[in-house]
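# Next comes the sequence, and after it the predicted model I'd like to discuss.
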Amino acid sequence: MARFSTDTSDIELIHSLRAGHQEALAVLYDRYGGLVYTVALRLLKQPAEAEDLTQDIFFNFWKQNKYDPGRAVLSTYLGLVARSRALDRIAKRSTQQRSLQRLQGSIPERAMTPLENATLSEQQETVQQALSQLKDQQRQVLEMNFYQGISHADIARQLDMPLGTVKTRARQGLIELRRRLGGAVG
């Protein structure tokens, strides 16, 4: 396991990350996570959504090799990505709200049918079964976040662990849930 100090340059960390040293991502997250979160929060105005976007940006940074150090310093690159992705989310949210308003204006509310209730119950049971098969650490974070509505930052405080660890466990848990559920819930 490679050890990185606060003096390790961004370029060294990126090379280490590309060489398979995932712990380099934690150092980069500690270094720039606040910047990305601040940009996202300033635009999105919702802490949970800003946390989710921050996690998503770092996950994609880890999985994709799109950053070119010759074009911009890492802080600038991550700030621009955060701004762009936040604006995309705002546009998507706006489109969804307009669609929902149109639908609500034209479709009267109705009670769920017994078949819809049964289907919903089956889906909930399927999700619970898939959750029970996750690693305990991933399941705990997901349950706290989705069922109890606790933000990643509050989970980190409650479990006394780094925010990046909480977000990584949440992301890995969601990926595993999607894999296990496939098309079973939709």
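Looks like it came in fine.

# Report the contact partners of Asp10.
Contact analysis of Asp10 by CB atoms under 8 Å, 6 or more residues apart in numbering lists Leu28, Arg31, Pro69, Val73, Leu74. C-beta: built from backbone N, CA, C; applies to glycine.

# and which of the residues you listed is nearest Phe61?
Nearest to Phe61 among the contacts of Asp10, counting by CB to CB, is Leu28 at 7.6 Å.

# Hmm, the closest one is touching Leu74, no?
Yes: under the contact definition of CB atoms under 8 Å, Leu28 touches Leu74, with a separation of 7.5 Å.

# Return every residue with contacts to both of the two.
Asp10, Ile14.

# Can I have the buried ones of the contacts of Asp10 as a ChimeraX selection?
This is how ChimeraX selects the buried members of those, with burial counted by 16 or more other CB atoms under 10 Å:
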select :28,31,74
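
# May I see the contacts of Asp10 organised as TSV, with secondary structure, pLDDT and distance to Leu177 added?
Formatted as TSV, the contacts of Asp10 follow (DSSP: H, G, I helix; E, B strand; the rest coil; pLDDT from 0 to 100; distance: CB to CB, whole Å):
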residue	secondary structure	pLDDT	distance to Leu177
Leu28	helix	92	26
Arg31	helix	93	30
Pro69	coil	81	35
Val73	coil	92	36
Leu74	helix	91	31
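
# of all the contacts of Asp10, which two lie farthest apart?
Spanning the widest gap among those are Arg31 and Pro69, at 14.7 Å by CB to CB.

# neighbours of Gln22, just the number please.
12 (other CB atoms under 10 Å).

# where's it relative to Gln138, distance?
Between Gln22 and Gln138 the distance is 16 Å, computed by CB to CB, to the nearest Å.

# next structured bit after the helix or strand bottoming out on mean pLDDT in the chain?
In the chain, no helix or strand scores lower on mean pLDDT, DSSP states H and E than helix 114-132, which sits at a mean of 75. Downstream of helix 114-132, the next assigned helix or strand under DSSP states H and E is helix 136-142.

# Check whether Thr8 sits in a helix, strand or coil.
Following DSSP: H, G, I helix; E, B strand; the rest coil, the label given to Thr8 is coil.

# now for the helix or strand hosting Val81, which elements pack on it?
Here Val81 sits within helix 74-106, counting by DSSP H and E. Helix 74-106 is packed against helix 23-44, helix 47-63, with contacts defined by 3 or more CB pairs under 8 Å, 6 or more residues apart in numbering; DSSP states H and E.

# So what's the gap between it and the chain middle?
15 Å (CA atoms, centre = their mean, to the nearest Å).
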